[in-house]
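*Asks:* just to be clear, the model below is a prediction. Sequence and coordinates:
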Amino acid sequence: MPPKKHVKHGNHIGSMLKDIILGGQDGVVNVLGLVLGVAVATNNTKVVLVAGLASTFAESISMGAVAYTSTKAALSYYLSEEAREEKEIEDVPSEERREIRQIYAAKGFRGRVLSAIVNKITSNKQLWLNTMMAEELKLSTNGNENPLKNAFIVGISSLIGSIVPLFPFFFFPVKESMYVALAVCGLVLFATGAYKAKVTIGTWWKSGLEMFLIGMIAASAGYLIGLAFGAVG
């Protein structure tokens, strides 16, 4: 059976934003915690940069790979359920028509209006199929049509995010770099959270503060581990 052209569900921009935040936040938070731990344990710029860069590239590749496999799995599940639903429409159309009626009756439609809705939807098999996927199974592609694209967005976002906490160590001594990295990463995380709330839903300062606190908790964990091992050394 030739592949059908799918109707996109959900907000594609929202899906991209999710991937960008997933990769970027992961990069910033993980590498910030790492470089602070290594910095306080060694007080050696070269060691911090080597550890940070190794983590940056490993993290970015790993995040991209995870995004690819998870997106591909989600898409495969959607397509398998779509094929099953399409077969049911072909084999037992009366039962599937009854399900459409039940769905819209549950929404409050009655009488002629309900019949008109059912007739309209079931007169077009693609519309019928799309409706069953969205309304009965609560499934959508949600921007998962292209696993390679999603992997690229997540991987690049993770790479860019990972560089942020490393950047100060190229220009300042270790101690000063730690303070600059904390300040810059805190600002980036807060701004990202605030922007997320602006384009989706939520209060901008609450969303920004939430993302800021997540980053600072991770940074504190890395710092305390490095401090403990530095003291032992």
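*Replies:* Received, thanks. Numbers count the residues shown, from 1 in each chain.
*Asks:* surely residue 100 meets residue 132?
*Replies:* Yes. The pair residue 100 and residue 132 qualifies as a contact (Cβ atoms under 8 Å) at a distance of 7.3 Å. From N, CA and C alone the C-beta is placed, and that goes for glycine too.
*Asks:* in the chain, which helix is the longest?
*Replies:* As assigned by DSSP state H, the longest helix anywhere in the chain is helix 45-91.
*Asks:* tilt between the next helix or strand after that helix and helix 45-91?
*Replies:* The first helix or strand that comes after helix 45-91 along the chain, using DSSP states H and E, is helix 93-106. Interaxial angle, helix 93-106 versus helix 45-91 (axes from the mean of the first three to the mean of the last three Cα atoms, to 10 degrees): 120 degrees.
*Asks:* and helix 93-106, what does it pack onto?
*Replies:* Secondary-structure packing of helix 93-106 (3 or more Cβ pairs under 8 Å, 6 or more residues apart in numbering; DSSP states H and E): helix 45-91, helix 111-122, helix 125-131.
*Asks:* got CSV for the ones you listed, with distance to residue 27, mean neighbour count and mean pLDDT too?
*Replies:* Output for the helices and strands packed on helix 93-106, formatted as CSV (distance: least, Cβ to Cβ, whole Å; neighbours: other Cβ atoms under 10 Å; pLDDT from 0 to 100):
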stretch, distance to residue 27, mean neighbour count, mean pLDDT
helix 45-91, 6, 16, 93
helix 111-122, 44, 14, 95
helix 125-131, 36, 17, 94
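*Asks:* what's the closest of the ones you listed to residue 211?
*Replies:* helix 45-91 (17.1 Å; Cβ to Cβ).
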